[in-house]
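**Student:** Generate coordinates for the sequence data below:
(one chain, ligands or ions: 1)
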Amino acid sequence: MLGSLSRSALALLFISSAYILFGFVYRYYKRSLKFLRGPPRPSLLFGNDYELVHQEEVGLLETKWFNEYGTAFRTSSCYGEDTLMVADPRAIQYVFHTSSYRFPKSRDSQQITKMLFGRGIVWAEGEVHNRQRKALNPAFSASQLRQFLGLFQRSTARLASVWKQEELANNLESGKVINVTHWLPKITLDVIGQSAFNYDFGALDGRANELGEIFKHIQPILTIDVLQKRLMLWRAFRRSMPVRLGDFLCRFPTKEERRFKEFSITSKKIAKEVFSDASKETNGEEDLKGAKDVLSVLLRSNMTADPKKALDEDEVLSQMATIILAGHETTASTTSWILYELGRSLKDQSRIYEEIQELRNRIGADADPTGNDYDSMPFFNAVIKEALRLHPIVPALFRQAGSEDVIPLEYPVIAESGEEISQIPVSKGQRIMVAISVYNRLTQVWGKDANEWNPERFLHESKKDINLGVYANLMTFSAGVRACIGWRFALMELQAILFGLLENFEFTPGPDGLDDIQRVPAGLMIPMRKGRWQEGIQMPLHVRVRN
Ligand code: HEM
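**Tutor:** Down below sits the predicted model:
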């Protein structure tokens, strides 16, 4: 028995090695982008992938390469595969806006998102995505979102009171250093639980619950663990397989991926419980009429939809894992980068505080600001835009060509032959990496000071030749049919959290300063201290209560 098992294992090993070897040779001779220039490949096995995820800061290598080769060039991925790296605005517009679904997500992104989110909107492609997006849209409309404003404000007030009564209780005057990345995800997790599913994570109150516990374990996997060599190689191997075989291999997830599945299964189980509890309490459909959370709005729109277009139960429940993950760490992380920049620029922080006071004089000390009130503060909003520009927490997106295509460029590049080209032909399956962090800092688009913090640029915006994305010409929320569905939600939440925190506290660098904070490329862009990555995600700021 053992003998036949080890013979099977040997046969499998032999077939895999032969496949990888064949892949190397095949890709070497059929390299799809050999007409393009690009950086040398430091490793035959990892190509440039390993150095990309292990660079000290998001975008450093890419920027160096973009300076050398222009806004589109070739890099190598694992096992000798060519990747087209782009930051060119016209190319991005073509891939995301013009082509609609012709450039689906790369195979590995699809495989992982399915494990993590189930058959939700982040995983879906083409017609299925279109159907899911239409069903979810009403839950993210501007009028629907206005109803969550009070929730954002209450959660921020709760954090302010926890800080004042617990963290800063003995240091009210002098303040103390707080790692804000420890606290901000607690607000955003509580907010997303309640606004999306009427579910109480109780994160700010330190209450434990099933989903919160599993989430704690997958967090490091989503960030630090993507740096592991074996995971990179395994995922690259799986994505290089014919579709069915690749999907079959996903049935044997790695230890990390088993956690993803566990999260997806538990979140679906809880979504089901939350929903059936609500239905029991009142009258099923009747109950849905008044409910404002995303899941209820989705179910309501699902009931009125043409049955062929309605989402099945699994699709509805998959949106829970999707929205929790897509909608909480993203906003929390962005908030910590905004506070980081304001900690470094006290002048800008004071300017916002002046705007806050002006607004208070207008609306009164106890009134809760409305969405229009927040929008009426020009510098406050310019600061949010500038932080979203410099710190896109999803720094890159991966796509593949669904068929043969030609990608146009705004800024022509020099090919291997020395010829100038303004179009890039791609074959079906071509892997594409869209470098959001580089596009957001392109001097051609943002001017000579593109690398510097300067919120003023958004007060005197000039018309851009190409408009990209859903907000402020940035790619931070992506663009086109799959742009972030929660971008308005995120903005309103950012405004409410920042207003609430900046009105109550002043943020300055702690004794160690902020110069060693790095933007670590780990799937999402995360803040860590130089040489102290083992300490995990952190943004230590000195926080003092305002008088
Ligand atoms: C600052 C905060 C946020 C940033 C920077 C951000 C960024 C992004 C980006 C770049 C994408 C495209 C991903 C891809 O194509 O693979 C995306 C998609 C998505 N985001 Fe966000 N997001 C934020 C907040 C939110 C919030 C608050 C929610 C929900 C409440 C949300 C829900 C989603 C969903 C459901 C998708 C998938 C959309 C689709 O495929 O049609 N996001 N987001």
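
**Student:** my read: residue 301 touches residue 139, true?
**Tutor:** Yes. At 7.5 Å, residue 301 counts as touching residue 139 under the criterion of Cβ atoms under 8 Å. Bear in mind the C-beta positions are built from the backbone N, C-alpha and C, glycine included.

**Student:** which one of those two has more residues nearby?
**Tutor:** When neighbours are counted by other Cβ atoms under 10 Å, residue 301 and residue 139 differ, and residue 139 comes out ahead with 25 against 18.

**Student:** correct me, but the more buried one touches residue 292?
**Tutor:** No. Using Cβ under 8 Å, residue 139 is not in contact with residue 292, being 9.1 Å away.

**Student:** what are the phi and psi angles of the one residue in the stretch 201-350 of the chain that gets nearest to the ligand?
**Tutor:** When scored by Cβ to the nearest ligand atom, the stretch 201-350 of the chain has residue 327 as its residue closest to the ligand, at 2.9 Å. For residue 327, the backbone dihedrals (degrees, to the nearest 10) come out as phi -110, psi 10.

**Student:** Report pLDDT for it.
**Tutor:** The score at residue 327 is 86. That number is its pLDDT.

**Student:** Pull the contacting residues for it.
**Tutor:** 188, 192, 196, 486, 489-490 (Cβ atoms under 8 Å, 6 or more residues apart in numbering).

**Student:** List, one by one, the residues from the stretch 251-400 of the chain near the ligand.
**Tutor:** Residues of the stretch 251-400 of the chain found near the ligand (Cβ under 6 Å from any ligand atom) are 322-323, 326-327, 330-331, 334, 393-394, 397.

**Student:** Between those residues, identify the one with the most neighbours.
**Tutor:** Greatest neighbour count in those, by other Cβ under 10 Å, goes to residue 323: 30 neighbours.

**Student:** how about that one, secondary structure?
**Tutor:** helix (DSSP: H, G, I helix; E, B strand; the rest coil).

**Student:** From residue 295, how far out is it?
**Tutor:** 9 Å (Cβ to Cβ, to the nearest Å).

**Student:** Could you do residue 48 as well?
**Tutor:** 42 Å.

**Student:** residues near the closest residue to the ligand within the chain, how many?
**Tutor:** Nearest residue of the chain to the ligand (Cβ to the nearest ligand atom) works out as residue 486 at 2.2 Å. Residue 486: 23 surrounding residues under other Cβ under 10 Å.

**Student:** So which of the residues of the stretch 251-400 of the chain next to the ligand belong to helices?
**Tutor:** Among those, the residues falling in helices (DSSP state H) are 322-323, 326-327, 330-331, 334.

**Student:** which residues touch the residue most central in space within the chain?
**Tutor:** For the chain, residue 394 is the residue whose C-alpha lies nearest the centre (Cα atoms, centre = their mean; 3.9 Å). Residues counted as contacts of residue 394 (Cβ under 8 Å, 6+ apart) are 330, 436, 476, 478, 524-525.

**Student:** Of these, keep whichever come out buried.
**Tutor:** Buried subset of the contacts of residue 394 (neighbour count, 16 or more other Cβ atoms under 10 Å): 330, 436, 476, 478, 524-525.

**Student:** Now tabulate those residues in TSV and tack on pLDDT and secondary structure.
**Tutor:** Converted to TSV, the buried ones among the contacts of residue 394 look like this (pLDDT from 0 to 100; DSSP: H, G, I helix; E, B strand; the rest coil):
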residue	pLDDT	secondary structure
330	91	helix
436	96	helix
476	98	coil
478	97	coil
524	79	strand
525	87	strand
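
**Student:** residues from the stretch 101-250 of the chain in reach of the ligand?
**Tutor:** 121-122, 133.

**Student:** at 5 Å what do you get?
**Tutor:** Residues of the stretch 101-250 of the chain lying close to the ligand (Cβ under 5 Å from any ligand atom) are 121-122.

**Student:** Could I get the average pLDDT for whichever strand or helix holds residue 262?
**Tutor:** Element membership of residue 262 [criterion: DSSP states H and E] is helix 255-281. Here helix 255-281 scores 74 as its mean pLDDT.

**Student:** Tell me which helix or strand comes right after the helix or strand of the chain with the lowest mean pLDDT.
**Tutor:** When each helix and strand of the chain is scored by mean pLDDT, DSSP states H and E, helix 285-290 comes last, with a mean of 54. With elements assigned by DSSP H and E, the helix or strand that comes after helix 285-290 is helix 294-304.

**Student:** Return the list of helices and strands in contact with that next one.
**Tutor:** helix 126-136, helix 180-197, helix 255-281, helix 285-290, helix 313-344 (3 or more Cβ pairs under 8 Å, 6 or more residues apart in numbering; DSSP states H and E).

**Student:** and the third one with helix 294-304, angle?
**Tutor:** Yep, that's helix 255-281 we're talking about. Counting by axes from the mean of the first three to the mean of the last three Cα atoms, to 10 degrees, helix 255-281 lies at 70 degrees to helix 294-304.

**Student:** can you check the first one too?
**Tutor:** Using the same axes, to 10 degrees, one finds that helix 126-136 and helix 294-304 are set 110 degrees apart in direction.

**Student:** Show me what the helix or strand following helix 126-136 is packed up against.
**Tutor:** Sequence order places helix 142-146 as the next helix or strand after helix 126-136, per DSSP H and E. Here helix 142-146 touches helix 487-504, going by 3+ Cβ pairs under 8 Å, 6+ apart.

**Student:** for the record, mean pLDDT for the helix it packs on?
**Tutor:** 97.

**Student:** Check which element follows it along the chain.
**Tutor:** strand 505-509.

**Student:** Give me the buried positions along stretch 532-547.
**Tutor:** 533, 536-545.

**Student:** May I see these arranged in JSON lines, with pLDDT, distance to the ligand and secondary structure as well?
**Tutor:** Listed next are the buried residues of stretch 532-547 as JSON lines, based on pLDDT from 0 to 100; distance: Cβ to the nearest ligand atom, whole Å; DSSP: H, G, I helix; E, B strand; the rest coil:
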{"residue": "533", "pLDDT": "80", "distance to the ligand": "23", "secondary structure": "helix"}
{"residue": "536", "pLDDT": "81", "distance to the ligand": "21", "secondary structure": "coil"}
{"residue": "537", "pLDDT": "85", "distance to the ligand": "16", "secondary structure": "coil"}
{"residue": "538", "pLDDT": "91", "distance to the ligand": "19", "secondary structure": "coil"}
{"residue": "539", "pLDDT": "95", "distance to the ligand": "15", "secondary structure": "coil"}
{"residue": "540", "pLDDT": "95", "distance to the ligand": "21", "secondary structure": "strand"}
{"residue": "541", "pLDDT": "97", "distance to the ligand": "19", "secondary structure": "strand"}
{"residue": "542", "pLDDT": "96", "distance to the ligand": "24", "secondary structure": "strand"}
{"residue": "543", "pLDDT": "97", "distance to the ligand": "22", "secondary structure": "strand"}
{"residue": "544", "pLDDT": "95", "distance to the ligand": "26", "secondary structure": "strand"}
{"residue": "545", "pLDDT": "94", "distance to the ligand": "27", "secondary structure": "strand"}
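
**Student:** Return the per-residue confidence for the residue nearest to the centre of the chain.
**Tutor:** 94.

**Student:** same question, residue 21
**Tutor:** For residue 21, pLDDT reads 59.

**Student:** Ok, residue 448 next?
**Tutor:** Residue 448 is given a pLDDT of 94.

**Student:** Could you do residue 298 as well?
**Tutor:** Looking at residue 298, the pLDDT reads 82.

**Student:** how about it, what does it touch?
**Tutor:** 135-136, 138-139, 311, 316, 319.

**Student:** do residue 242 as well
**Tutor:** Counted by Cβ under 8 Å, 6+ apart, residue 242 has zero contacts.

**Student:** any idea how far residue 415 is from it?
**Tutor:** In this view, residue 242 and residue 415 are 31 Å apart by Cβ to Cβ.

**Student:** surely the residue of the chain closest to the ligand meets residue 322?
**Tutor:** No. If you go by Cβ under 8 Å, residue 486 and residue 322 don't touch, sitting 10.1 Å apart.

**Student:** in this structure, what spans have low per-residue confidence?
**Tutor:** For the chain, the stretches with pLDDT under 70 are 1-5, 7-9, 11-31, 208-227, 275-291.
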